[in-house]
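Fold the following for me, if possible:
(2 chains)
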Amino acid sequence: MKKLLLAIFLIICSFNGFSQDIFGGKVTGNFQMDVQASKEDSIIGAERVSEKLLMNAFTNILYTNGDFSAGVRFEAYLNPILGFDPKYKGAGLAYRFASYKKDYLEITAGNFYEQFGNGLIFRSYEERNLGLDNAMDGLKIIARPIKGVALKGVIGKQRYYWEKIWESDDFGLVRGIDAEVSINSLFKKFEASPLQIIAGGSFVSVFDKAEDRFIIEPSTGDNYKLTMPENIGSAAARLQMSYKAFNLNAEYARKGQDPNAVNGYIFHKGEAAYLSLGYAAKGLGINVSAKRIDNMSYKSRRGETGNMLNVNYLPALTRQHAYSLFAMYPYATQVNGEMGIQADIIYKLKKNTFLGGKYGTDLKLNYSIANSIDKEYVQLNPAGNYEGTEGYSSSFFKAGDEIYFEELNLELGKKLSSDFKLNLMYSYQTFNPIAIGHQGEKFIYANIFAADLTQKLKKRSSLRYEVQLLLTEQNYGEWAAGDWIQGTVEYNLGGKFFVAATDQWNYGKLNGEKVHYYNFALGYTKGTTRVQLSYGKQREGIICIGGVCRMVPASNGLFATITSSF
Amino acid sequence: MKKIIYIFAIILPLIWVSCDTIEEDQQLIYLKGITTETTPITAISSEQKVLLEDYTGWKCVNCPRAAAKATEMISKYGEKLVVMAVHATAFANNSIDSLNFKTEYGERWATEFGCTSLPTGVINRRKIGGAYTIGDANWDSEIQNTINSQKHIMDINLGVKYKEEYNKILVSTENIFREDYPSKTQISVLVLESGIIGVQYNTDPNYGTTPKINDFEFNHILRKNGLIDYPLTTDKVNKGEKIAINYLIDVDPDIQDISKCTVVVFVTDAQTKEIIQVNEIHL
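This next block holds a predicted model:
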């Protein structure tokens, strides 16, 4: 298969200038390169970079011809930019596949991404900003035997940096099936019904060869051995319904015994429930979501603790922030146990009304909370911990005492005149440092404000002014250093050229220097190619996308990005 | 609709077998046999040794040839070689003279190392040419290769005593690391018995009567109640470190003469299962 794909790739490359039409098919692709040069800065904690220059790059080449498609992704980390796992170091074809559709089947061989339902038991995906890629390598079959019915089957192993996953039993085999039925498509008499129903179910099993694991009773030296399940199964059922302006999305999942490094090698079975109710009408949108997670870390290697080799995905129920001070203390999914709810209300005040003004006003209100679950711990093992035991029991509807994250935020977007648009945002956050590994440390309570004004200028150009303020009484040092203020000025010319200056100032820091994290950026876009260059300081922190997080170390220097597509 | 039924008919049985459940009383198993009682160390070793596992069975017609080869190897390599005869697979079923040499772990190893066709051998549980198994014709060269190439990481010193009052064998071990070792290691303590006379099938007149040898002498027979893959080191171990552990083994009731028994102890890498060192001591 590798040779076949390589041959396809070379044939495609042999055409001058990447002709887009080859053998009646079409070639498309994209490219991105990030280059970083950071110097040592003891004040912000930026470490010396021996290589001086670091680079991450990738290019996707995709060939499609009717029902056939094939593609490759070449990646290079020479060496990985700061914050990316050094295990990425190297270059090569990280992703290759061939796929075709015939009759009611769609078959993919090689690498693929896929998701069952909301991903509670299976989601293979890539999130480049997190350095996360759990692409499957194997086979995927999708069957649509009749209208309204889709069956999916997947089998393979997951990517682990550049490791040769097929040469080692150290990487588990993932098998899964999923069935989804659209009632309205299946039965003609419901086709035109305003009530739309889609039901689905899935099953996933991971074969992970048993490892020997022992515990020792400290006073007698007696040894005990854990009996590991090698086939870890999980199942989920889901329902999607919509009726006029209302919609519902619900899924419930169970996972079998899975003692692993994340849950402390306990045998307690996993459970996850997700419910989302929505209402959408002109000018008003309401969404309420809830979830419960209990011991749902599901990986294809039981000793793995990082972001790699995740078989499933647990949706985040908090707002994803674009303003940087709002994302300073981000929510991270607690896979060992969490209950959460989120309510979102979007309302548009009409034009030419007292409150709406001439252009109308957009209001967004969001509230979210993530709490621990109730856990009744069972008897300790002979070594004095819970390894090798059931761990705990938990009542489904009972929340624990600990808050992980809570946020109330309000956003107001208003066009003030034909030239000015204003966005205001306020957030109150309660943040449990457990999310960044500081178990048992004091909480952060923060009031955060943002004002963002965009001014239209002549010749399709614009100026944007942004001020953010974070106020907190908590001032513990490195990761919780009091108040911050940030200001940004950005000039944009016709969507082609921009220049921006930002300063993020930790003026409330009690001990040490009150650092200015300044940054200057400029970018140019022509067609589908964009070049961006920035220079400045990056504070140490954590970024989270969908509740999955990565540490970002401090840096001071140049950063350049080139993106292109064809 | 038929297509859906067909697809599910294929998939559903696969689902049924794709989930393991460990009963609560099996989740944490007590590893019996570790004791604070000691016996003096008498078998001291300071050289790299090799374990030859001779997978055999009384119905295996070419196994007398392999047994003779094993004896020849002992003569040639002396104390550098430890031989263990693992009676396994269907070739070792239902002996006509009621001798039962099969063990649960022997069967498991035969499957794990791909010993389906007998006779065959496994040397230090290392893969050679992509497989663990080596035909008896190649034992000599591969033993020599292993002795030459294997890094001398550690030594195992042993002491042994038969505790007649409770019919157990007390084994004291001293495991001394000559080099840093980065991985977890495990130790196995086993009892072998020699000098048992029984029926063995045979097709080669050079090694005895055909089609069977009625008074074949079985040697180095792996016995039941061994202690398998017990933890020795659970983290990186440093050069010079000495780990002393004592074991008590229940005597296999099938053992005919305790004075003809040998205790074999070997240490493996917990991840690769490769044997790092082996030693033996006679009772």
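
and stretch B:27-37, which residues are buried?
B:27-28, B:31, B:33-35 (16 or more other CB atoms under 10 Å in any protein chain shown). No exception for glycine: its C-beta is placed from N, CA and C like everyone else's.

Quick one: residues contacting A:Ala501.
A:Ala501 is in contact with A:488-490, A:518-521, counting by CB atoms under 8 Å, 6 or more residues apart in numbering or on different chains.

out of everything not next to it in sequence, what's closest to residue 231?
Just so you know, I chose chain A. B:Asp20 (4.6 Å; CB to CB, 6 or more residues apart in numbering or on different chains).

nope, chain B please
Leaving aside its sequence neighbours, B:Pro231 sits nearest to A:Phe214 (CB to CB, 6+ apart; 4.2 Å).

what does A:Leu78 give?
Nearest to A:Leu78 is A:Met55, by CB to CB, 6+ apart, at 5.1 Å.

how far away is that neighbour from A:Ile562?
11 Å (CB to CB, to the nearest Å).

Need the overlap of contacts for those two.
With CB under 8 Å, 6+ apart, A:Met55 and A:Ile562 have common neighbours A:Met33.

Those two - which one has more neighbours?
A:Met55 (18 against 15; other CB atoms under 10 Å in any protein chain shown).

so who does the residue in the stretch 101-250 of chain B that chain A sits nearest to touch?
Nearest to chain A in the stretch 101-250 of chain B, going by CB to the nearest CB, is B:Pro231, at a distance of 4.2 Å. If you count contacts by CB under 8 Å, 6+ apart, B:Pro231 has them with A:212, A:214, A:216, A:223, B:184, B:186-187, B:270.

ok, of those, which one's closest to A:Ser38?
B:Lys184 (37.5 Å; CB to CB).

how much space between A:Ser394 and chain B?
17 Å (CB to the nearest CB, to the nearest Å).

contacting residues for that residue?
Applying CB under 8 Å, 6+ apart, the residues near A:Ser394 are A:268, A:294, A:337, A:373-376.

farthest pair in these?
A:His268 and A:Asp374 (13.2 Å).

on that earlier part again, partners of the residue nearest to B:Pro231 in the sheet?
A:Lys225 (DSSP bridges).

Report the secondary structure state of the nearest residue to A:Lys52 once chain neighbours are set aside.
When the adjacent residues along the chain are set aside, A:Lys52 lies closest to A:Ala37, with 6.2 Å between them (CB to CB, 6+ apart). State at A:Ala37, reduced to three classes by DSSP: H, G, I helix; E, B strand; the rest coil: strand.

can you pull the pLDDT of A:Ala37?
According to the prediction, A:Ala37 has pLDDT 95.

Make sure it is actually in contact with A:Leu558.
Yes - A:Ala37 is in contact with A:Leu558 according to CB atoms under 8 Å; the separation is 4.5 Å.

if you count what's nearby, which of the two comes out ahead?
Each of A:Ala37 and A:Leu558 has its neighbours counted (other CB under 10 Å); A:Ala37 has more, 18 against 15.

Cool, thanks, signing off.
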